[in-house]
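> Mind looking at a prediction? Sequence and model below.
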Amino acid sequence: MKKYLELNDIDAYRIALDLSNYIWNIVIKWDYFAKDTVGKQWAKAIDSISANIAEGFDRYFKKDKVTFYRYSYGSINESLDWLEKANRRTLLKKQ
C-alpha cells in the first residue's frame, strides 16, 4: 500500500508547531500591557509559521505552495523582530 506524505511528516511543520506552543506558554504569563503589545504580535507571527506551512501543504499547484511557504519564511523574520523587542524590553528571562 502506497503511503502519501502527510503534514505531520514534515519536520519544519512539527518544529514550528512546537515553537508556537512554547512561545504561547511564555507570553501568557506576561502582564497585560506587555501581552497586549509585544505578546500578541509575537504569538501571531509565530503561529503564522506553522499555519502557512499547513495551508501551503494543502495547495495543489506548486506556485500556490511556494507562495505560502514564502509567507511562512516572512513570519519567521517577523518573529525574530518581536523576539528582539521582547529581549530589549526585558520581558524574557535569561534562561
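Nice, I can see it. Residues are numbered from 1 along each chain as shown.

> The helix ranked longest in the chain: how far from the chain's middle?
Counting residues, the longest helix found in the chain (DSSP state H) is helix 62-88. Between the centre of helix 62-88 and the centre of its chain there are 7 Å (C-alpha atoms, centre = their mean, to the nearest Å).

> tell me the mean pLDDT over it?
For helix 62-88, mean pLDDT rounds to 95.

> So for that helix, what gets flagged as buried?
65, 68-69, 71-72, 75, 78-79, 82-83, 86 (16 or more other C-beta atoms under 10 Å). To be clear about C-beta, it is placed using only N, CA and C from the backbone, and glycine gets the same treatment.

> which non-adjacent residue is nearest Ser75?
Spatial nearest neighbour of Ser75, chain neighbours left out: Ser48 (3.9 Å); criterion: C-beta to C-beta, 6 or more residues apart in numbering.

> Enumerate every residue touching that neighbour.
Going by C-beta atoms under 8 Å, 6 or more residues apart in numbering, Ser48 touches 71-72, 75, 78.

> what angle separates the helix or strand it falls within from helix 62-88?
If you go by DSSP states H and E, Ser48 is part of helix 40-57. Angle between the axes of helix 40-57 and helix 62-88 is 160 degrees (criterion: axes from the mean of the first three to the mean of the last three C-alpha atoms, to 10 degrees).

> Just list what the longest helix of the chain packs against, helices and strands only.
Applying 3 or more C-beta pairs under 8 Å, 6 or more residues apart in numbering; DSSP states H and E, one finds that helix 62-88 contacts helix 40-57.

> Convert the C-alpha atoms of the helix it packs on to CSV, please.
The C-alpha trace of helix 40-57 is given here as CSV (Å, rounded to 0.1, in the frame of the first residue of the first chain):
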residue,chain,number,x,y,z
LYS,A,40,0.0,39.3,20.8
GLN,A,41,2.1,40.3,17.8
TRP,A,42,4.8,37.8,18.6
ALA,A,43,2.4,34.9,19.2
LYS,A,44,0.5,35.7,15.9
ALA,A,45,3.8,35.8,14.0
ILE,A,46,5.0,32.5,15.5
ASP,A,47,1.6,30.9,14.9
SER,A,48,1.7,32.0,11.2
ILE,A,49,4.8,30.0,10.6
SER,A,50,3.1,26.6,11.0
ALA,A,51,-0.2,27.8,9.8
ASN,A,52,1.2,28.9,6.4
ILE,A,53,3.2,25.6,6.0
ALA,A,54,-0.1,23.8,6.6
GLU,A,55,-2.0,25.9,4.2
GLY,A,56,0.7,25.6,1.5
PHE,A,57,0.8,21.8,2.0
